[in-house]
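In: predicted model and sequence follow; I will ask about them next.
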Amino acid sequence: MSDIIRLKAPKGWINDPNGFIYYKGEYHLFYQHFPYAPQWGRMHWGHAVSTDLVHWEHKDIALYPTKKNDRSGCFSGSAVEHNGKLHIFYTGVDYTEENPENINACLNDEFTAAQLSITSENGYDFDNINDKFTVIPPIEDKNIGCKNHTRDPKVWRGKDAWYMVLGSTADKKGRLLFYKSTDLVNWEYLNFAEKDNMGWMWECPDYFETDGKGVIVFSPMGFLKDEKPYDSVAICALADFCEETGKMNISDSWQLLDCGEDLYAPQSNVDKDGNRVVIAWARMPEPFEKNRIGIYCIPRVVEVRNNHIYFRPHPNAVDLFTRKISSPTEAGEGGYKLSLDMKDGEKINIGGYKLSRNNDRITADRSNVFAGHNEIKCVFETPEIKEGYHLDIYVDKNLIEVYINNGEYVLTNTVYGLSDEIIAGNYELYTVSE
Ligand code: FRU
């Protein structure tokens, strides 16, 4: 099975991108996967491969539960290359109180979480029986973190050692835990970082440097407090990490990674040209096709300029949208792209998805293409825009990504039942030239 432009669930359920890496000439993108039904369950790592980040081929499942420490699921994690081998780090979960009516879920939050590793010689073959080992057992010290809500190792190479960041919680506050290793086997706890009023648990942290700046990305739970079912969004902020002490200083001026509040659990790595590229999961309230739920955004290049974090569509995606069309009905598998400049007060309608510009902000309203999900937020607004009002809108049947000024802000929403009608002033329409 293959996907173009955006990776989608091959069947069943997918959530977070995992183990994203350019390795031995190919991009490997693993994903949180429950292959048996379109709902979250005992997690496996699905696997897709690409040579260009926009044509994906789904492969066999890479990781599945085999050990006591991951018997209830192989949760999120990351990959690095060392001496030609692929090293994967992930969270193994063990339910201490299983739900008797659904053994793929636990009861009363009773589970433990450990950090595990597995390697591969080629990126395809994983010995789930013999090759897994625990690198960090469940945390016992409440001053450090939590025995169940500690997860999602992201590993990177520092100056002369490997570093790992984990998402965790202590005193009802989300936090990051930092570890160091010289051999990828033994990990020493260094320090933690936290912030007030940013949710009770931080999932899927990612730290990287780009354009000479450190950037931290994480997905805090219980942050927006608007009592909608999705109370978690992905946050990014400039940050300084000290390798000697393991301390991280996180800037107070954070940004939403995406203003549409659907993208979650992003993961980044560098592409073969050295661009920092992030991919995120778009949460969906219902399958987009029978037995398929979960879709990823277009890979985005992350850049920092004047202390602002930009997310532009990866050039390999942009370069594909070259065939000019006059109506969405002519679009191929990869959907279409609509480009325009928006005037103040202007309103446009893309198959039922409405965008408007009010002074310096863009508002999106998906209420007409999100039937039956009134409990989920439908109207979103960007912060104040500074660099103009050029919009490149990439439209898939179930995902609309609005890139403003090539990534000054991005607003992404999942949608259902878009029509082929576009109501807008001057615009250009392109689809993928296949
Ligand atoms: C985020 C998350 C991660 C966890 C995974 C489980 O969506 O909750 O923290 O590892 O999903 O599927």
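Out: It's in.
In: Glu401 touches Leu391, doesn't it?
Out: No - assessed by CB atoms under 8 Å, Glu401 is found out of contact with Leu391, at 10.4 Å. Any C-beta I mention is one placed from the backbone N, CA and C, and that applies to glycine too.
In: and the spatially closest residue to Gly417 that is not a sequence neighbour, what does it touch?
Out: Leaving aside its chain neighbours, Gly417 sits nearest to Val369 (5.7 Å; criterion: CB to CB, 6 or more residues apart in numbering). Applying CB atoms under 8 Å, 6 or more residues apart in numbering to Val369 gives the contacts Gly351, Gly352, Tyr353, Val415, Tyr416, Gly417, Leu418.
In: now those: which count as buried?
Out: Gly351, Gly352, Tyr353, Val415, Tyr416, Leu418 (16 or more other CB atoms under 10 Å).
In: which secondary structure state does Asn316 sit in?
Out: helix (DSSP: H, G, I helix; E, B strand; the rest coil).
In: residues from the stretch 1-150 of the chain in reach of the ligand?
Out: Contact residues (CB under 6 Å from any ligand atom) of the stretch 1-150 of the chain with the ligand: Asn15, Asp16, Gln32, Met43, Phe75, Ser76, Thr91.
In: want to throw these into TSV with neighbour count?
Out: Output for those, formatted as TSV (neighbours: other CB atoms under 10 Å):
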residue	neighbour count
Asn15	23
Asp16	25
Gln32	24
Met43	28
Phe75	24
Ser76	27
Thr91	23
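In: I'd like those laid out as JSON lines, including pLDDT and secondary structure.
Out: Below are these laid out as JSON lines (pLDDT from 0 to 100; DSSP: H, G, I helix; E, B strand; the rest coil):
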{"residue": "Asn15", "pLDDT": "98", "secondary structure": "strand"}
{"residue": "Asp16", "pLDDT": "98", "secondary structure": "strand"}
{"residue": "Gln32", "pLDDT": "98", "secondary structure": "strand"}
{"residue": "Met43", "pLDDT": "98", "secondary structure": "strand"}
{"residue": "Phe75", "pLDDT": "98", "secondary structure": "strand"}
{"residue": "Ser76", "pLDDT": "98", "secondary structure": "strand"}
{"residue": "Thr91", "pLDDT": "99", "secondary structure": "strand"}
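In: just the ones of the buried ones among the contacts of Val369 in strands?
Out: Residues of the buried ones among the contacts of Val369 located in strands (DSSP state E): Tyr353.
In: a markdown table for the buried ones among the contacts of Val369, including distance to Glu26?
Out: Output for the buried ones among the contacts of Val369, formatted as a markdown table (distance: CB to CB, whole Å):
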| residue | distance to Glu26 |
| --- | --- |
| Gly351 | 35 |
| Gly352 | 38 |
| Tyr353 | 34 |
| Val415 | 31 |
| Tyr416 | 33 |
| Leu418 | 33 |
